[in-house]
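A.B. asks: Okay, here's the prediction I keep looking at, along with the sequence it came from:
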Amino acid sequence: MWKRALGGLTAVTLVLFAPATPAVAAGSGELQSGLDRITAAGMPGVMAETRVHGGRQSAASGVADVDSGRGMSPTFSHRAGSITKTFTATVILQLVGEGRIDLDAPVSRYLPQYDTAGITVRMLLNHTSGISDYDHLIFTVPDDLLRHRTTTFTADQLARIGLDAPRTSPPGGPHLYANTNYILAGLVIEKVTGRPAAFEMYRRIIVPLGLWRTYFAGASSHIAGPHSHAYIPWLDGTMLDFSVYNMSFVGTAGDVVSTTRDLNVFFKALLTGRLLRPAQLAEMKTVVPWNPNNPGAGGYGLGLYSVRLPCGVMIWGHDGLVFGHSAISMHTESADRQITIGSNMTHYADPTQPEPIGLATGELLFRTLCQDSLRAAGPPFAWKSPIHTGKAQSAVGYFADARAAGRG
């Protein structure tokens with residue numbers, strides 16, 4: 001089945017549908033059957049952990065290695081991609097609470113070596129800076145993914161690539177997602193603290209919360225500990241494995257490796273006030289609406305986003321994508337319902353069309369997060385991952401477009 005699954009970039013254009021009829025609780029059996037539906041739809045392997053009113057369930061489905069048939073495990077380490085941004089924003093906001101950073105100060109106060117005129121720290125965190133996304137400039141053709149397997153990028157290089165490109169909007173304009181913003185945010189942390197940004201995240205978040213399987217990979221190409229492979233369907237129809245890859249190109253925008261358990265613990269601590277003072281948590285949850293005409297539908301805050309489901313529940317979290325691995329971690333506002341999912345294939349789909357893997361993933365998310373309000377769910381609905389819709393990450397989108405156009 002997975003060999004035929006060439007549509008979808010599930011974490012990039014994640015199309016989610018609620019079930020038409022009330023669903024049962026996502027307990028251990030329901031979680032397993034939900035994951036089995038995702039692999040039956042074409043995902044090689046998937047794992048998840050749910051936490052509902054104090055009860056914890058974890059499960060996995062499919063294979064971690066399509067050649068050997070080695071099975072997935074819910075305890076595997078996994079690249080979390082842009083969920084890293086929530087860690088980075090949390091440290092920035094802790095420094096705001098300590099009076100060491102001003103959210104509305106110009107970035108140039110902290111990083112005078114860069115051309116960031118008119119841009120504030122807040123604009124970096126909510127992606128309203130108008131700075132270009134460097135990854136679209138590094139990965140411009142499919143072969144770039146292969147060529148940069150072992151390339152080590154510095155944060156300074158990444159920042160300058162994004163800043164040297166034309167701006168996408170004036171500072172303070174619309175929300176336009178760009179990894180460059182969070183590379184600069186990491187550099188602000190380093191300037192203010194005098195220590196590496198990753199060190200600050202260990203010191204302030206990872207160690208205090210006991211996230212013993214969470215770390216920054218840096219220039220290391222290998223994932224530490226048991227993990228799945230990371231697949232992309234290639235132009236010739238084969239499945240290429242990107243599990244060995246130098247991840248320095250994402251840095252403080254997407255470098256975290258974690259587990260479903262650790263990410264649920266992190267978001268629980270964040271949303272219940274263990275990591276931020278009330279004023280800073282409120283800043284984090286002050287969003288730029290996805291749709292200005294419907295601000296109640298949710299939006300992107302400071303490294304955290306919200307979406308209101310048709311059942312009436314507002315969920316908070318982030319999703320992430322790197323080559324071959326995707327993750328989504330979503331939670332009710334009080335974190336009494338949580339789900340984190342990790343999948344081991346990224347693939348392209350037409351974002352205007354329903355897609356089987358996205359449909360199955362959306363059903364599982366809905367069953368977990370909307371259970372307390374199912375009677376208000378209404379008819380089926382489509383939900384596209386808000387941060388990645390229309391942003392097929394770098395060459396992933398390119399080679400999908402190339403396939404559609406018949407280019408090789």
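C.D. replies: Great, that's in hand.
A.B. asks: only C-alpha atoms for contact and neighbour calcs from this point on.
C.D. replies: Fine.
A.B. asks: Now do the nearest residue to Asp133 once chain neighbours are set aside, the pLDDT please.
C.D. replies: Spatially, and ignoring its direct neighbours in sequence, Asp133 is nearest to Ala178 (4.5 Å; C-alpha to C-alpha, 6 or more residues apart in numbering). Looking at Ala178, its pLDDT stands at 95.
A.B. asks: for the chain, what helix or strand is lowest in average pLDDT?
C.D. replies: strand 15-17 (a mean of 35; mean pLDDT, DSSP states H and E).
A.B. asks: any idea which helix or strand comes after that strand?
C.D. replies: The C-terminal neighbour of strand 15-17 among helices and strands, as given by DSSP states H and E, is helix 28-40.
A.B. asks: Which strands and helices lie in contact with that following helix?
C.D. replies: Here helix 28-40 touches strand 45-52, strand 55-62, helix 356-369, going by 3 or more C-alpha pairs under 8 Å, 6 or more residues apart in numbering; DSSP states H and E.
A.B. asks: Counting neighbours, what do you get for the residue nearest to Asp133?
C.D. replies: 26 (other C-alpha atoms under 10 Å).
A.B. asks: Which parts of the protein are helices?
C.D. replies: Under the criterion DSSP state H, the chain carries helices at the ranges 28-40, 84-97, 121-125, 135-138, 142-147, 155-164, 179-193, 197-201, 251-254, 260-271, 278-284, 356-369, 394-405.
A.B. asks: deepest of those, which one?
C.D. replies: The highest average neighbour count among the helices of the chain, using mean count of other C-alpha atoms under 10 Å, belongs to helix 251-254 at a mean of 29.
A.B. asks: pLDDT averaged over that helix - what is it?
C.D. replies: Here helix 251-254 scores 97 as its mean pLDDT.
A.B. asks: what helices or strands is that helix leaning on?
C.D. replies: helix 84-97, helix 179-193.
A.B. asks: circling back: can you add distance to Ala219 and give the helices of the chain back as CSV?
C.D. replies: Supplementary listing: those in CSV, determined by distance: least, C-alpha to C-alpha, whole Å:
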stretch, distance to Ala219
helix 28-40, 31
helix 84-97, 16
helix 121-125, 24
helix 135-138, 16
helix 142-147, 15
helix 155-164, 12
helix 179-193, 15
helix 197-201, 13
helix 251-254, 9
helix 260-271, 22
helix 278-284, 29
helix 356-369, 31
helix 394-405, 20
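A.B. asks: Minimum distance to Tyr231: which of these has it?
C.D. replies: Nearest of the helices of the chain to Tyr231, taken as C-alpha to C-alpha: helix 394-405 at 11.5 Å.
A.B. asks: contacting residues for Gly118?
C.D. replies: Residues in contact with Gly118 (C-alpha atoms under 8 Å, 6 or more residues apart in numbering) are Pro106, Pro171.
A.B. asks: pLDDT score assigned to it?
C.D. replies: Reported pLDDT for Gly118: 97.
A.B. asks: ditto for Gly312
C.D. replies: At Gly312, the pLDDT value in this model is 84.
A.B. asks: next one: Leu374
C.D. replies: 51.
A.B. asks: Out of the helices of the chain, name the one with the poorest average pLDDT.
C.D. replies: helix 394-405 - the lowest mean pLDDT of the helices of the chain, at a mean of 42.
A.B. asks: just to revisit the earlier point, could the helices and strands packed on helix 251-254 go into JSON lines alongside distance to Pro292?
C.D. replies: Listed next are the helices and strands packed on helix 251-254 as JSON lines, based on distance: least, C-alpha to C-alpha, whole Å:
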{"stretch": "helix 84-97", "distance to Pro292": "23"}
{"stretch": "helix 179-193", "distance to Pro292": "22"}
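A.B. asks: I'd like to know which of those helices is closest to Trp316.
C.D. replies: Closest to Trp316 of the helices and strands packed on helix 251-254, according to C-alpha to C-alpha: helix 84-97, at 11.1 Å.
A.B. asks: Could you list every helix and strand in contact with the closest one?
C.D. replies: With contacts taken as 3+ C-alpha pairs under 8 Å, 6+ apart, helix 84-97 sits against helix 179-193, helix 197-201, helix 251-254, helix 278-284.
A.B. asks: Can I get those in TSV including distance to Arg79?
C.D. replies: Below are these laid out as TSV (distance: least, C-alpha to C-alpha, whole Å):
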stretch	distance to Arg79
helix 179-193	16
helix 197-201	15
helix 251-254	8
helix 278-284	23
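A.B. asks: Looking at the ones you listed, which is nearest to Lys85?
C.D. replies: helix 251-254 (5.3 Å).
A.B. asks: quick one: Gly358 from Pro233, how far?
C.D. replies: 16 Å (C-alpha to C-alpha, to the nearest Å).
A.B. asks: Same question for Gly99.
C.D. replies: 48 Å.
A.B. asks: between the two, who's got more neighbours?
C.D. replies: Taking other C-alpha under 10 Å, Gly99 and Pro233 do not tie; Pro233 has more neighbours (24 against 9).
A.B. asks: Look up the residues forming beta bridges with the more buried one.
C.D. replies: Met239 (DSSP bridges).
A.B. asks: Could you give the bridge partners of the residue sitting nearest the centre point of the chain?
C.D. replies: In the chain, the centroid-proximal residue (C-alpha atoms, centre = their mean) is Gly320; its distance is 1.8 Å. In this entry, Gly320 is beta-bridged to Ala327, by DSSP bridges.
A.B. asks: Enumerate every residue touching it.
C.D. replies: The neighbours of Gly320, taking C-alpha under 8 Å, 6+ apart as the test, are Ala11, Ala80, Gly81, Ser82, Ile83, Thr84, Gly254, Ser326, Ala327, Ile328.
A.B. asks: 6 Å instead, please
C.D. replies: Ala80, Gly81, Ser82, Ile83, Ser326, Ala327 (C-alpha atoms under 6 Å, 6 or more residues apart in numbering).
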